[in-house]
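S.K.: fold the following.
(chains A and B)
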Amino acid sequence: MNTVYKWGIVTVVILLALYGLGPTLADYFSDGQLDRNVVSAEREQTLKDQGQEVTPREDGGFAQWIMKQGTPLTLGLDLQGGLLLQYQVLVDKAMQEKLDRMKDDFKARVKDQHPDVGVEVNHEEGDYFIRATFDFSDTTIEEDGETRQKNMGDVLTQDDMMSYFPNLDRIDEGGNTVRLQMSDEYIDETKKFVVEQAIETIRERVNSLGVTEPSITRRGQSDIVVQLPGLGEDDRQRAKELIGQTAQLVFRLVDDEGTNQFFNQFRSDLPQDFVLRQAGNFRTITYQKKDPLKTFFEDRTDEDHIIGYEYMPVYKDRENKIIDKEQSYWKSYYLFEEVQVTGDRVQSARVSVDQQTQKPVVSLTFNRKGAEQFEKLTREHVDERFAIMLDDEVQSAPVINEPIPGGRAQITLGSLRSYSELQQEAQDLVIVLRHGALPAPIELQYQTAVGPTLGQESITSSSWALLVGTLLIILFMLIYYRGSGVVSVLALLFNFLFILAGLAGLGATLTLPGIAGIILTVGMAVDANVIIFERIREEQRAGSNAIDSVNTGFDKAFSAVADANVTTGIAALVLLQYGTGPIRGFAVTLLIGIVATLFTAVFMSRLIFDLWLEWRSEQQDLSI
Amino acid sequence: MFNIIDPDTRIDFIGKQRPFAILSGIVLVLCALAIFGYPGPKYGTDFSGGTELIVKFSKSLNSGDIREIAERAGIEPEKVQRYGEPSANEFMIQTQKISVVDQKERKDNTKEGTTTAEDVVEAVRAESDVSEWTWSGENPNRLDLTFKEGADIDTDRIIDSIEESVGLSDLEINPRTAGSTRRYVIEFQGLQMSITKNLKEATDAFDPDAEGSVAGIKRLETVGPRAGQQLWNSGVFSILVALFCILVYVAFRFDLRYAPGAVAALAHDVAIAVGFFTLLQLEISLPIIAAFLTIIGYSLNDTIVVFDRIRENLESTTSVEHNLADISNRGINDMLSRTINTSLTTLLAVTSLAYLGGGLIQNFGIALIVGVIVGTYSSVFVATPVMLRMDEWLQDWREPEEEVAIE
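M.R.: Numbering: from 1, shown residues only, chains lettered A, B, ... in the order given. Okay, here's the model as predicted:
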């Protein structure tokens, strides 16, 4: 490769690094803090005092333009303070709870339909099945003119008994004992879903905390890690309480009669951008976000009523489901506070196709108790709406067309949508109904709270360590290798630039072990130069001239340098794979450091050497 | 040219390997005794489970005072230690507690002040009939209860009863799921909340003149036993995976006979580093595991550079030596000044880390210092001799095979 091209590459890489580091520099020099905004500290305080959000890119000048070009370097939780929580979703507890309820319901249904049959139903904690033992000794049944005792077939197949338990498989165990086993597919699906739903719920709750860069990630099978950087001491308990709640699925009645009057009364004193809308026959108040709506309605409802909220997405592109965030809104429902049916009464839910309209609908079954409650609800409130709710959010609000006895209901969704949309919507609702009934408890496994002062102290002391360590190394290299030492120092400084730019560019966070990784990289980066320089010295001792010894030195040292870095890279990759939080920060830094080292210590320093050899006079000795 | 090592140095490392092999052997045995016998490694809170807090006091107190305050706050301190400069008035307190309820049942050796789940259930029984209950150390903040059929359940009275007889406050009792009639769950206040509250009260009570002397809890970490086990498993697993990957890489990149030497050196280094931490009773925590992994990377770096040179010498036709031992010895000598220089520069970096890096990162730096020293030593005195042994063994193994082939 031509030298000009090589210098071209170096220039491009340096420019890229400066570009990647731009937002970080703008961020830091605006107020001396890496706080992801270019707003000065005083202005930030004023904004916070006024209860306004601090927008990261608002200063109007050059700094703002730079900030828009990328993301600044983020400090990890250990450096800026905050709260880290690891929760375990108690999936098994939730499943056992469900089986316990199925056990009770199975017994009740048998007793209901066959009062003369004796039945003993058991569920051992930890098992994924329930076991029923029947006693038919006091029963008789007439069949083909003959009288005989009832048997299991009569109980289990009559009235389609098993269809109330679509997720249990019947296994006869001989005698009058039957095992009702939860299918593996259902167990897996539910477990997976329970964790995903817990993540979603936690995400929503965390968003309402107003932390700038929260992160919620899944770890392993059933753990959820929540990171809340910058969260103050006073908010920690609130955060934990908020996250720790479990979501509840409930059915409530919509107050259709009172709705219009209720919402109309706010017509004149609506806050800015709140809209009073007409949807069908009903009024509602809408806004782009849920929380301001909640704040507004707080203290504005009477004891018997609460407000439910539903998200109404407006699509930019319906096919690809691109939501127009500006146009989408939350709408509010005026509901009776009393819970009509609780979610744990839902036995099963699935998507089916309506025989008459040939459109997807949701079929759901209640357990015995639920069927009674639902029948009562539907008989007394024909033509009214009821709301299916998770916490305070309305998932669907169908109209009751007729009384529904027996616990089998069908929910028809909006009629104006296409088949595939209906299908999707039905699927979503089924998921909520099926699993929302299963509020999995979560339990804190690990928590770290770091105060902001400790973070600041860590930054200060580790920066000192970095500075002093680097200066000592620079001093050593200059004394030991003289002129060539200057080359390695130049390489080292560029190495710094590339590591920081790499971290910022990859959106990685800088943690305390990460800074340790940089210090270590500095130590190891000069190693590559040491190997090369020693090799050049060796060639010189063997009698080669300056140009030859530099060329041979670099060529022969390369395999050792490459091998050494690759093996360190392996250790770093393993750390990245199995490490957590701050340790990953260390691994990322080490990896970026390795790439930067190969580039600066091998590629760049050779170019500098070549330039130097060209420039110096022939007779002069190589300063090494 | 400024040289620490004279370029013509020819030290007979291989010939003098015996005393060093004995030295390594003795050190390894000592480390093994320390690790598996007495005193045994000391794990940080993140592995052993428990709670660790760093508290800043606004008034000058000694660790005896702090211990007493912590005891009054119900922390049951395992270790109280000054943190940072004496003038900073900061202390680190460690306890094995992770929740306000400590264990399931009261036993003969149960210490006074321990709260058991059994106590709580007794308090509930005073108000209502409990048929079953479960509590486990894995999820210590909840207690599942099943009341007898038809039992009278007044949650307010139950809460009062627990507060009165067990002294736990801020707890909640709720049906396990909405609508469940007999199955309830009691959720206890988190230990961190209880510490935050009680520590301030206990400090004020300890010294009424110095009201408000808790200036702030700077760090508070609680690790449940399950999370601790997870962290430990992933730490140990990552070291094993790293060793294996490196073995494969070296075998692939060099030759089968080099790989055991490299891995032996790494195992040697990690064992000594762990042994060093054990002997000095420094805490082994997650960042320290990361440091051990870095030691693996660094030590390997050193070993590879030497091996690379041996391989090169082996290939060069000008070589006058005829046996691998001499060639290896020359390789080590060739790289000696590089080995020393690199160790020096890296040591400069990690020493400043250990000396200036502050509390949380100090042990990390110490682990790396040990690693750099041992790693440099092992590339010369462990990796190469083992490689030579391996070579001899391979030759012994191949020769008879060849004889068979000739017949």
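S.K.: given the top strand by length along chain B, what are its sheet partners and their directions?
M.R.: For chain B, the strand with the greatest residue count under DSSP state E is strand B:214-223. In the sheet containing strand B:214-223, its partner strands are strand A:442-450 (antiparallel), strand B:50-57 (antiparallel), by DSSP bridges.
S.K.: so which of those strands is nearest residue B:85?
M.R.: strand B:50-57 (11.6 Å; C-beta to C-beta). (C-beta placed from N, C-alpha, C; glycine too.)
S.K.: give the other helices and strands that the next helix or strand after the closest one contacts.
M.R.: Downstream of strand B:50-57, the next assigned helix or strand under DSSP states H and E is helix B:63-72. For helix B:63-72, the elements it packs on are strand B:79-82, strand B:90-95, helix B:191-206, judged by 3 or more C-beta pairs under 8 Å, 6 or more residues apart in numbering or on different chains; DSSP states H and E.
S.K.: check the ones you listed for me and report the most buried one.
M.R.: strand B:90-95 (a mean of 22; mean count of other C-beta atoms under 10 Å in any protein chain shown).
S.K.: mind putting the helices and strands packed on helix B:63-72 into TSV with distance to chain A and mean pLDDT?
M.R.: Converted to TSV, these look like this (distance: least, C-beta to the nearest C-beta, whole Å; pLDDT from 0 to 100):
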stretch	distance to chain A	mean pLDDT
strand B:79-82	15	86
strand B:90-95	9	88
helix B:191-206	5	80
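S.K.: quick check: pLDDT value at the nearest residue to residue A:7 once chain neighbours are set aside.
M.R.: Take residue A:7 and drop its neighbours on the chain: the residue closest to it by C-beta to C-beta, 6 or more residues apart in numbering or on different chains is residue A:607, 6.5 Å away. According to the predicted model, the pLDDT of residue A:607 comes to 90.
S.K.: cool, residue A:492 as well?
M.R.: pLDDT at residue A:492 comes out at 91.
S.K.: how about the helix or strand hosting it, does it reach chain B?
M.R.: According to DSSP H and E, residue A:492 maps onto helix A:452-505. Yes: judged by C-beta under 8 Å from any C-beta of the partner chain, helix A:452-505 and chain B are in contact via A:453-454, A:457-458, A:460-462, A:464-466, A:468-470, A:472-473, A:476-477, A:479-480, A:482.
S.K.: what helices and strands are in contact with that helix?
M.R.: helix A:3-31, helix A:77-80, helix A:512-541, helix A:581-597, helix A:605-615, strand B:214-223, helix B:336-356, helix B:359-378.
S.K.: which SSE is immediately downstream of the longest one?
M.R.: It stands for helix A:512-541. Towards the C-terminus, the helix or strand next in line after helix A:512-541, according to DSSP H and E, is helix A:546-578.
S.K.: quick one: that following helix to helix A:452-505, angle?
M.R.: 120 degrees (axes from the mean of the first three to the mean of the last three C-alpha atoms, to 10 degrees).
S.K.: now the residue of the stretch 1-150 of chain B found nearest chain A: phi and psi?
M.R.: Using C-beta to the nearest C-beta, the closest approach of the stretch 1-150 of chain B to chain A is made by residue B:139 at 4.6 Å. Taking degrees, to the nearest 10, you get phi -130, psi 70 for the backbone angles of residue B:139.
S.K.: for chain B, what helix or strand is lowest in average pLDDT?
M.R.: Least confident helix or strand, chain B: helix B:384-406 with a mean of 72, by mean pLDDT, DSSP states H and E.
S.K.: okay, now the domains of the chain?
M.R.: All of this is about chain A. A:1-72, A:92-187, A:248-423, A:451-624 (automatic domain parsing).
S.K.: actually, chain B is the one I wanted.
M.R.: According to automatic domain parsing, the ranges for chain B are B:17-44+B:224-406, B:57-99+B:192-217, B:117-189.
S.K.: can you tell me which of these is packed in deepest?
M.R.: It is domain B:17-44+B:224-406: most buried of these by mean count of other C-beta under 10 Å, with a mean of 19.
S.K.: ignoring the adjacent residues along the chain, who's closest to residue B:369?
M.R.: Closest to residue B:369 by C-beta to C-beta, 6+ apart is residue B:350, at 5.4 Å.
S.K.: distance of that neighbour from residue B:225?
M.R.: Distance check for residue B:350 against residue B:225: by C-beta to C-beta, to the nearest Å, it reads 33 Å.
S.K.: quick one: contacts of stretch A:559-570?
M.R.: Stretch A:559-570 is contacted from outside by A:524, A:527-528, A:531-532, A:590-591, A:594, A:597-598, A:601-602, B:242, B:245-246, B:249-250, B:253, B:297-298, B:300-301, B:304-305, B:308-309, using C-beta atoms under 8 Å, 6 or more residues apart in numbering or on different chains.
S.K.: run the last query once more with 6 Å
M.R.: A:528, A:531, A:594, A:598, B:245, B:246, B:297, B:300, B:301, B:304, B:305, B:308 (C-beta atoms under 6 Å, 6 or more residues apart in numbering or on different chains).
S.K.: what's the local residue count around the fourth one?
M.R.: What it means is residue A:598. 19 (other C-beta atoms under 10 Å in any protein chain shown).
S.K.: so who does it touch?
M.R.: So residue A:598 contacts residue A:565 (C-beta under 6 Å, 6+ apart).
S.K.: what about the residue nearest to residue A:7, distance to chain B?
M.R.: 22 Å (C-beta to the nearest C-beta, to the nearest Å).
S.K.: tell me the residues of the stretch 151-300 of chain A that contact chain B?
M.R.: Counting by C-beta under 6 Å from any C-beta of the partner chain, the residues of the stretch 151-300 of chain A close to chain B are A:237, A:248.
S.K.: repeat the analysis, applying 10 Å as the threshold.
M.R.: Proximity of the stretch 151-300 of chain A to chain B (C-beta under 10 Å from any C-beta of the partner chain) is limited to residues A:219-220, A:223, A:233, A:236-237, A:240-241, A:244, A:246, A:248-250.
S.K.: quick one: which of those is most hemmed in?
M.R.: Busiest of these [other C-beta under 10 Å] is residue A:249, holding 24 neighbours.
S.K.: I'd say that residue and residue A:431 touch.
M.R.: No: applying C-beta atoms under 10 Å as the test, residue A:249 and residue A:431 come out as separate, 11.1 Å apart.
S.K.: hey, what's in contact with both of these two?
M.R.: Common neighbours of residue A:249 and residue A:431 (criterion: C-beta atoms under 10 Å, 6 or more residues apart in numbering or on different chains): residue A:395.
S.K.: list the buried residues in the lengthiest strand in chain A.
M.R.: When chain A is parsed with DSSP E, its longest strand is strand A:329-342. Residues A:329, A:330, A:331, A:332, A:333, A:334, A:335, A:336, A:339, A:340, A:341, A:342 are the ones in strand A:329-342 that count as buried (16 or more other C-beta atoms under 10 Å in any protein chain shown).
S.K.: OK, contacts around the third one?
M.R.: With C-beta under 10 Å, 6+ apart as the criterion, the residues that contact residue A:331 are A:275, A:277, A:279, A:282, A:284-287, A:293, A:308-312, A:394.
S.K.: could you redo the last one with a cut-off of 7 Å?
M.R.: A:284, A:286, A:310, A:312 (C-beta atoms under 7 Å, 6 or more residues apart in numbering or on different chains).
S.K.: among those, which one is most surrounded by other residues?
M.R.: Busiest of these [other C-beta under 10 Å] is residue A:284, holding 22 neighbours.
S.K.: most packed of the domains of chain A?
M.R.: Buried most deeply of the domains of chain A, by mean count of other C-beta under 10 Å, is domain A:451-624, with a mean of 21.
S.K.: and that one, end to end?
M.R.: 49 Å (C-alpha to C-alpha, to the nearest Å).
S.K.: what about the helices in the stretch 201-350 of chain A?
M.R.: Listed in chain order, the helices of the stretch 201-350 of chain A (DSSP state H, counting those that start in this stretch) span A:233-244, A:256-264, A:290-297.
S.K.: need these in TSV (columns: mean pLDDT and distance to residue A:573).
M.R.: Listed next are those as TSV, based on pLDDT from 0 to 100; distance: least, C-beta to C-beta, whole Å:
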stretch	mean pLDDT	distance to residue A:573
helix A:233-244	75	32
helix A:256-264	90	58
helix A:290-297	85	42
